[in-house]
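Peer 1: For reference, the sequence and a predicted model appear below.
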Amino acid sequence: MEADLRIAEIRAGLGYRPQFLADLFAAREAVDIIEVVADHYLDASREKLAELDLLADHFPVVPHGLDLSLGSAEGIDPAYLRKMARLVARLDPPWWSEHLAFTKAGGVAIGHLAALPYTREAAEAVARNVETVRRAIATPLLLENLTAIALVPGAEMDEPAFLTRVLELTGCGWLCDVTNLYTNAVNHGGDLEAALDRGALDRWALDRWPWERVVQFHIAGGRRLRGLLMDSHDAPTPPEIWALLETILPLARNAQAIVLERDENLPPFGALLEEVARARAIGRRCR
């Protein structure tokens with residue numbers, strides 16, 4: 001991993017949304033860490049940047065990018081990278097993160113996070129792009145595993161092998177999205193789904209993931225749409241995700257933080273704090 005970031009106790013927090021700014025400051029002691037969507041602040045107004053500085057004055061804040069397009073064969077957009085570098089420098093976070101995905105192809109923005117093919121060529125493209133990013137941003141970078149509605153044809157390996165290969169080539173840490181792991185297993189019939197159906201997780205399947213690389217977790221709730229489980233961030237974290245988190249945490253000895261994501265159907269803020277508290281309790285119990 002890029003740096004030894006270990007701390008005594010795992011932190012629990014949530015992805016920041018402006019709708020709960022006042023509630024957040026009224027409950028500062030209940031939240032250990034805040035994640036912000038980096039892209040919301042790359043071309044931000046003075047007022048928006050003041051909001052960001054206010055958060056950083058009271059919480060550890062880690063930026064989470066959406067549009068760096070680390071999997072693009074044509075490389076990294078230098079203007080976008082300069083903006084991201086300025087934001088990371090402004091916050092001086094312990095780490096920052098991006099998705100193991102591409103959002104541009106042939107110079108055209110595709111409008112969403114697209115999964116990569118699980119090939120050696122794709123892994124090497126990510127490694128080249130991460131090297132470009134690292135020349136501009138020295139802060140440790142975490143890569144987040146993505147949901148894939150459909151698997152890209154031509155795979156040379158499966159998801160755990162591909163993720164392991166990318167992290168080995170890049171030296172990055174892993175932002176392990178537990179909900180995304182479970183969603184892919186459910187939608188594509190993976191070992192995690194079969195193991196959960198039996199009521200116990202299969203160690204053979206779990207042992208294939210690079211848990212030692214985990215620095216941060218994401219948890220979230222989703223919904224089913226036309227027979228598929230969607231990572232929609234619009235519901236409470238379900239029992240299956242809590243169970244999977246409890247199983248993974250003892251294996252992820254370098255993990256630093258658990259962050260709750262919720263974007264739609266926002267409940268009363270107290271309900272979010274209950275999930276944060278549950279994550280913290282699991283982190284301390286399973287550390």
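Peer 2: All right, it came through fine.

Peer 1: which residues in the stretch 101-250 of the chain form strands?
Peer 2: 102-105, 108-114, 141-144, 173-177, 214-219, 221-225, 228-235 (DSSP state E, counting those that start in this stretch).

Peer 1: where in this structure is pLDDT low?
Peer 2: Residues of the chain meeting the criterion pLDDT under 70: 1-8, 108, 111, 150, 189-204, 225, 227, 230.

Peer 1: Would you state the helices of it in chain order?
Peer 2: Counting by DSSP state H, the chain has helices at residues 21-26, 46-58, 78-91, 120-136, 159-170, 178-188, 191-197, 203-206, 239-248, 269-286.

Peer 1: Looking at the strands of the stretch 101-250 of the chain, which is nearest to Trp96?
Peer 2: Trp96 lies closest to strand 141-144 among the strands of the stretch 101-250 of the chain, at 6.2 Å (CB to CB). For the C-beta atoms, the positions are set from N, CA and C on the backbone; glycine is no exception.

Peer 1: Can I get the closest one as CSV, trimmed to CA atoms?
Peer 2: What follows is strand 141-144, C-alpha atoms only, in CSV (Å, rounded to 0.1, in the frame of the first residue of the first chain):
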residue,chain,number,x,y,z
LEU,A,141,-5.3,7.2,-3.8
LEU,A,142,-7.9,4.6,-3.2
LEU,A,143,-9.7,2.8,-6.0
GLU,A,144,-13.4,1.8,-5.5
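
Peer 1: Isn't Asn187 up against Arg224?
Peer 2: No - Asn187 is not in contact with Arg224 according to CB atoms under 8 Å; the separation is 10.0 Å.

Peer 1: Quick check on these two: which one has the bigger neighbour count.
Peer 2: Asn187 (19 against 10; other CB atoms under 10 Å).

Peer 1: which residues touch the more buried one?
Peer 2: Thr147, Ala148, Ile149, Leu228, Leu229 (CB atoms under 8 Å, 6 or more residues apart in numbering).

Peer 1: now swap in Leu81 and tell me
Peer 2: Contacts of Leu81 (CB under 8 Å, 6+ apart): Leu68, Thr132, Val133, Ala136, Ile137.

Peer 1: Can you say which of the residues you listed are buried?
Peer 2: Buried members of those, scored by 16 or more other CB atoms under 10 Å, are Leu68, Val133, Ile137.

Peer 1: Save the residues you listed as TSV, and put in distance to Asn265 too.
Peer 2: Formatted as TSV, the buried ones among the contacts of Leu81 follow (distance: CB to CB, whole Å):
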residue	distance to Asn265
Leu68	28
Val133	34
Ile137	34
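
Peer 1: returning to what we had before: pipe the strands of the stretch 101-250 of the chain into JSON lines and attach distance to Leu55 per row.
Peer 2: What follows is these, written out as JSON lines (distance: least, CB to CB, whole Å):
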{"stretch": "strand 102-105", "distance to Leu55": "25"}
{"stretch": "strand 108-114", "distance to Leu55": "24"}
{"stretch": "strand 141-144", "distance to Leu55": "19"}
{"stretch": "strand 173-177", "distance to Leu55": "19"}
{"stretch": "strand 214-219", "distance to Leu55": "17"}
{"stretch": "strand 221-225", "distance to Leu55": "24"}
{"stretch": "strand 228-235", "distance to Leu55": "20"}
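
Peer 1: quick one: which of the ones you listed is nearest Ala127?
Peer 2: strand 141-144 (10.9 Å).

Peer 1: which helices and strands sit right next to that closest one?
Peer 2: Other helices and strands packing on strand 141-144, by 3 or more CB pairs under 8 Å, 6 or more residues apart in numbering; DSSP states H and E, are strand 96-99, helix 120-136, helix 159-170, strand 173-177, strand 214-219.

Peer 1: Including distance to Leu21, could these go into CSV?
Peer 2: CSV is the format used below for the helices and strands packed on strand 141-144 (distance: least, CB to CB, whole Å):
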stretch, distance to Leu21
strand 96-99, 21
helix 120-136, 30
helix 159-170, 35
strand 173-177, 24
strand 214-219, 21
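
Peer 1: To Asn254, which of the ones you listed lies closest?
Peer 2: Nearest of the helices and strands packed on strand 141-144 (CB to CB): strand 214-219, 6.3 Å.

Peer 1: What strands line up against the closest one, and which way round?
Peer 2: strand 173-177 (parallel), strand 257-260 (parallel) (DSSP bridges).
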